[in-house]
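J.: Quick one: sequence plus predicted model below, questions after.
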Amino acid sequence: MKTRILITICAGMILLASCEKTILNPAYEDNAVDNFECLWQNYDLYYGQFLVRNINWDSLYTVYRVQLNEQSGTEELYDVFKGVIGNFHDDHVFIDPTAPGFARIESGRSDTMKFQTDFSIDQIKQHYLISSEQYSEHILYGKLPDNIGYIQMDVFADPLNFIQKAFDEILNKLKDTRGLVFDIRQLEGGEDRLAKFIAGRFSAETKLYMTTRKRNGPRHDDFESPVSWYVNPEGSIHYKGPVMLLTGRFTASAGETFTWAMNENANVIQIKDTTLETFSDIMIMELPHGWYHTIPVGDYRNAAGINLEGTGIAPDYYARSTKDETLAGIDRGLDKALELLQY
Amino acid sequence: MNEIKVMTVWLLMAVTLQAQQPDSTSNRLNSYQLGFSLGYQSRQLLDEQKSALVYQSKEFQGLLFFKKEREKSMFSTSLNFGMGSYEAKDKQGRQLYSVDYHIDGSATHDSMPVTSGILTGKLKITYLRNLSDRNIRWMAGATIQDHLIYPENYVGLLNSISLNAALYVSKNIQANQTISAKFEIPVIGINTRLPWHNTASDPVKPEITTFFDKGSRWVTLDKYQSVELNIYYSRKLSTRWTIGADYEFNWMRVPYYQPMKSFVNRISVFTSYNF
């Protein structure tokens, strides 16, 4: 009797172990055609800017699908992917192959703008800052000549309570300065909620700075109801003096929504260069080949209701440095900020 | 349809297995059991909202349980938790490759392995009443359950609170040995998974709050299908101590927004103190 029970249980377990394909039934096989179909479908379902960027996604399918068949190899697939996502011109669209020898496929400026030539924190420390402290991995602050404060951040990734404490301490130390330079030229993104909170440390009144809406259905115009984002005084310590916000082509994503929020504050002037031009949250998907790709899902607009994807936020004053100037310790953006703070 | 066939086979097996047992009765008036189990569970999961790949977990599993048994009813509560590795089944050992370009024109090449872990949990409160109690004891009732699947990479992220219909059969095969099976399906519940766009952001609320706010919805059988089958073998060592083994199969399908499907095999050994 016990043997029969044991056999019955074992047979059942073997049956279940062998029926993975039946139970899970994946939609795609790992061949070139299915990888392309999966990629195309993912953008079709989730990409939030077809209408803003005026992309005819169906016609791109027609152009690129015929270039592949089930026998196509990884290199052909890579080339087709490079072609198809190149049409987005969107820095938040990229594909990360997980195979050696295949570099990330970029869609926007990042494809040609590989490294930053107009900013060097080492040169700023060496030639401008008279004192500085690395508060955390992502926050540096200090003082410039003539009693000017300086804060530099490269990502909004810390927990909110950490940011609260950090800005309490930093703004307390910089409260007696004549003005402040907030440098986000290297800020690659992060959490919009943190950007809103930090901008609130420089805010005197509540102002709308952004509306966001995200895809919620299969049609390209299927969106959730818009969400309004307001910048308003946050925390216990606020900086009320003039603030020079340094932005550049590497100021991206949450760095750009931060720029929108800061620009609503009356005491802020944006200097140096236009931001990268990519605002939306992204989702990360996996293809049958195991490669990752990113999809911006939102339609983000400024207080005036304008979508600046593909355009970026232009500064009040342009002040660009060449690579040679940067390496020589000349920072035209910072020079302009200091010049404006003299008045 | 294939899933239904597989489940039908399992149900028939469970019932057949029970019907094969010899006739006996047990003394279960006002008995209490407090115990724990340790084991291993493997989950295979396809979450098409996040990935085209089938993921597989290898989880260490533990369970704490309490059971109060009366002549005509049974109350039990259990907390099951699992943790372990979680990788795309056919793409193990993947690497992400990156290149950092520097202002002097040089470049640094780097790579990092793609790894992920998973945490799972299941809290159950079950009440069962006798349907018949001759050779085989049949019971039916309901379970309130919270089931959490928390992968680090969010592939398959789900929290489900549900009211399950439960069916239970048990049979004493010898004076000190019992074999039993329990079958559960959720009837109604609240499922939380990432919304259509797979992100959770809000001007004020933290991500976790936004996840529950924007990702929760009422579900019934058309939006959440799950079948759980447990088969237990237990042996009384003394009037106080029982040991046993438990096999669990769980199949689940969440058809919205893009389908998520999974099945879990779990095997564990348990011991309990009876009082």
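T.: In hand now; what should we look at? Numbers count the residues shown, from 1 in each chain, chains lettered A, B, ... in the order given.
J.: so where is the stretch 1-150 of chain A shaky, pLDDT-wise?
T.: Counting by pLDDT under 70, the stretch 1-150 of chain A has low-confidence residues at A:1-19, A:110-112.
J.: same question, chain B
T.: In chain B (pLDDT under 70), the answer is B:1-29.
J.: What residue in it is the furthest from its centre?
T.: B:Asp104 (54.4 Å; Cα atoms, centre = their mean).
J.: And that one, how far from A:Ile121?
T.: From B:Asp104 across to A:Ile121, the span is 15 Å (Cβ to Cβ, to the nearest Å). (C-beta placed from N, C-alpha, C; glycine too.)
J.: what's around residue 192, how many residues?
T.: Since you didn't name a chain, this refers to chain A. 27 (other Cβ atoms under 10 Å in any protein chain shown).
J.: wait, I meant chain B there
T.: Neighbours of B:Thr192 (other Cβ under 10 Å): 18.
J.: Up against chain B, what does the stretch 201-343 of chain A have?
T.: A:212, A:214-217, A:224, A:227-230, A:281-288, A:290, A:292, A:297-298, A:323, A:326-327 (Cβ under 8 Å from any Cβ of the partner chain).
J.: Please indicate which of these are buried?
T.: Those of these that meet the buried threshold are A:212, A:214-216, A:224, A:229-230, A:281-288, A:290, A:292, A:297-298, A:326, by 16 or more other Cβ atoms under 10 Å in any protein chain shown.
J.: quick one, strands of the chain?
T.: Using chain A here. A:94-96, A:105-106, A:131-136, A:139-144, A:148-153, A:179-183, A:207-214, A:227-231, A:243-247, A:268-272, A:282-286, A:292-296, A:298-302, A:317-318 (DSSP state E).
J.: um, chain B though
T.: B:31-47, B:54-69, B:73-88, B:95-101, B:107-113, B:117-133, B:137-151, B:158-174, B:177-192, B:216-220, B:225-236, B:241-254, B:260-274.
J.: so what's A:Leu160 scoring on pLDDT?
T.: What the model reports as pLDDT for A:Leu160 is 94.
J.: hang on, it packs against A:Ala195?
T.: No - if you go by Cβ atoms under 8 Å, A:Leu160 and A:Ala195 don't touch, sitting 11.2 Å apart.
J.: May I ask you to confirm that A:Val231 is in contact with A:Ala199?
T.: Yes - using Cβ under 8 Å, A:Val231 makes contact with A:Ala199 at a distance of 4.8 Å.
J.: Identify the contacts common to these two.
T.: Common neighbours of A:Val231 and A:Ala199 are listed as A:209, A:261-262, A:264-265 (criterion: Cβ atoms under 8 Å, 6 or more residues apart in numbering or on different chains).
J.: A:Leu160 and A:Ala195 - which one has more neighbours?
T.: Neighbours were counted for A:Leu160 and for A:Ala195 using other Cβ under 10 Å; A:Ala195 has more, 29 against 13.
J.: show me the contacts for that one.
T.: Here A:Ala195 is in contact with A:156, A:254-255, A:257-258, A:261 (Cβ under 8 Å, 6+ apart).
J.: Make a markdown table from the residues you listed and add pLDDT to it.
T.: Rendered in a markdown table, the data for the contacts of A:Ala195 read as follows (pLDDT from 0 to 100):
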| residue | pLDDT |
| --- | --- |
| A:Phe156 | 97 |
| A:Ala254 | 97 |
| A:Gly255 | 97 |
| A:Thr257 | 98 |
| A:Phe258 | 98 |
| A:Ala261 | 98 |
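J.: Could you take those residues and lay them out as CSV, with extra columns for neighbour count and distance to B:Ala200?
T.: Converted to CSV, the contacts of A:Ala195 look like this (neighbours: other Cβ atoms under 10 Å in any protein chain shown; distance: Cβ to Cβ, whole Å):
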residue, neighbour count, distance to B:Ala200
A:Phe156, 26, 16
A:Ala254, 25, 15
A:Gly255, 28, 20
A:Thr257, 29, 16
A:Phe258, 30, 19
A:Ala261, 29, 20
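J.: now A:Asp34: how far from B:Ser262?
T.: Look at A:Asp34 and B:Ser262: by Cβ to Cβ, they are 21 Å apart.
J.: Have a look at these two and say which one is more surrounded.
T.: Ranked by neighbour count (other Cβ under 10 Å), A:Asp34 and B:Ser262 place B:Ser262 first, with 23 against 19.
J.: So the more buried one versus B:Leu53, what's the distance?
T.: Applying Cβ to Cβ to B:Ser262 and B:Leu53 gives a distance of 13 Å.
J.: Quickly list what's touching both of those two.
T.: With Cβ under 8 Å, 6+ apart, B:Ser262 and B:Leu53 have common neighbours B:Leu46.
J.: Spatially central residue in chain A, please.
T.: By Cα atoms, centre = their mean, chain A has its centre lying nearest to A:Ser253, at 3.2 Å.
J.: My understanding was that that one contacts A:Ile184; is that so?
T.: No - applying Cβ under 8 Å as the test, A:Ser253 and A:Ile184 come out as separate, 11.1 Å apart.
J.: Helices along the stretch 51-200 of chain A, start to end?
T.: Here the stretch 51-200 of chain A has its helices, by DSSP state H, counting those that start in this stretch, at A:57-65, A:74-86, A:121-127, A:160-173, A:192-200.
J.: of all those, which gets the most neighbours per residue?
T.: Per-stretch averages of neighbours, counted by mean count of other Cβ atoms under 10 Å in any protein chain shown, single out helix A:192-200 among those, with a mean of 24.
J.: Figure out how far that one is from the centre of its chain.
T.: Centroid separation for helix A:192-200 versus its chain: 15 Å, with Cα atoms, centre = their mean, to the nearest Å.
J.: orientation of that helix relative to strand A:243-247 in degrees?
T.: 150 degrees (axes from the mean of the first three to the mean of the last three Cα atoms, to 10 degrees).
J.: about what we covered before: out of the shared contacts of A:Val231 and A:Ala199, which is most surrounded?
T.: A:Ala261 (29 neighbours).
J.: Leaving out chain neighbours, which residue sits closest to that one?
T.: Spatial nearest neighbour of A:Ala261, excluding adjacent residues (Cβ to Cβ, 6 or more residues apart in numbering or on different chains): A:Ala199 at 3.5 Å.
J.: Run through the residues that contact the one you found.
T.: With Cβ under 8 Å, 6+ apart, A:Ala199 has these contacts: A:209, A:231, A:258, A:261-262, A:264-265.
J.: one step back: any shared contact partners between A:Ser253 and A:Ile184?
T.: Common neighbours of A:Ser253 and A:Ile184 (Cβ under 8 Å, 6+ apart) do not exist.
J.: what's across from B:Ala166 in the sheet?
T.: B:Gly141, B:Glu184 (DSSP bridges).
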